[in-house]
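Just need the structure, nothing else, for what follows:
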Amino acid sequence: MPKNEEIEELKIELKKLKPRDRLKRLKELEEKRKAEMTDIEDLIRDSEKEVRTEEVAEEITPEQEEVNIGRLFEEEAERLERTVRQEAPETEEEERGYVPFKQAYSDYTALQDIAYASMEGPLTSVQMETVDKIGERLDRTKYQSASQEVANILVASRSALYKIRKYAGMEDERRGY
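Got it, this is the predicted structure:
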């Protein structure tokens, strides 16, 4: 929009023109203003659309929750422990000290997950309980009747158990580690 000073200057300029030229100049200004108003109206409509789009986006966008990596490991450890309990109930063979391959592999997988979690921070009570239970099971396990694969997994499990206890400060006085 022109200021009052500009309007006054325009009036003075227009008075100097012949009536036909003045009329022509005024019509040009009118067309220019109409074009500007059309552009402004388009901008207003576009801005209103953007505002409505943002409002809809805010309504349908789910709230973002902070990701707690430690909690993810805890949930995984709990799920693994539950799976271990369900799929491998104690049998007579286990009571005599023999662990089936499935149990040994499940224990080893759980220990690996807990080892990764221990790198992220301190272990939870659930993870420590799991480590203790697996440690007890490993201590009771005999190698004599185990296949070579089970024996390898048991050795790897004991190694992982040792590292977890060492780094988590859960040193076992009985075993010296």
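
Can you name the element that comes right after the helix or strand of the chain with the lowest mean pLDDT?
Least confident helix or strand of the chain, by mean pLDDT, DSSP states H and E, is helix 92-95 with a mean of 47. Sequence-wise, the next helix or strand downstream of helix 92-95 (DSSP states H and E) is helix 101-120.

So for the helix or strand that comes right after that following helix, mean pLDDT?
Using DSSP H and E, the next helix or strand after helix 101-120 towards the C-terminus is helix 125-140. Mean pLDDT, helix 125-140: 85.

Quick check: the spatially closest residue to residue 149 that is not a sequence neighbour vs residue 139, distance?
Leaving aside its chain neighbours, residue 149 sits nearest to residue 101 (6.4 Å; criterion: CB to CB, 6 or more residues apart in numbering). C-beta here means a position set from N, CA and C on the backbone, and glycine is covered the same way. Distance check for residue 101 against residue 139: by CB to CB, to the nearest Å, it reads 19 Å.

can you check residue 119 too?
On the measure of CB to CB, residue 119 and residue 139 end up 25 Å apart.

Would you mind telling me which of the two has the busier surroundings?
A count of neighbours by other CB atoms under 10 Å puts residue 139 above the other of residue 119 and residue 139, at 13 against 8.

Please name the residues that touch the more buried one.
Shown in contact with residue 139 (CB atoms under 8 Å, 6 or more residues apart in numbering): no residues.

quick one, phi/psi of residue 62?
Backbone torsions for residue 62, taken as degrees, to the nearest 10, come to phi -70, psi 150.
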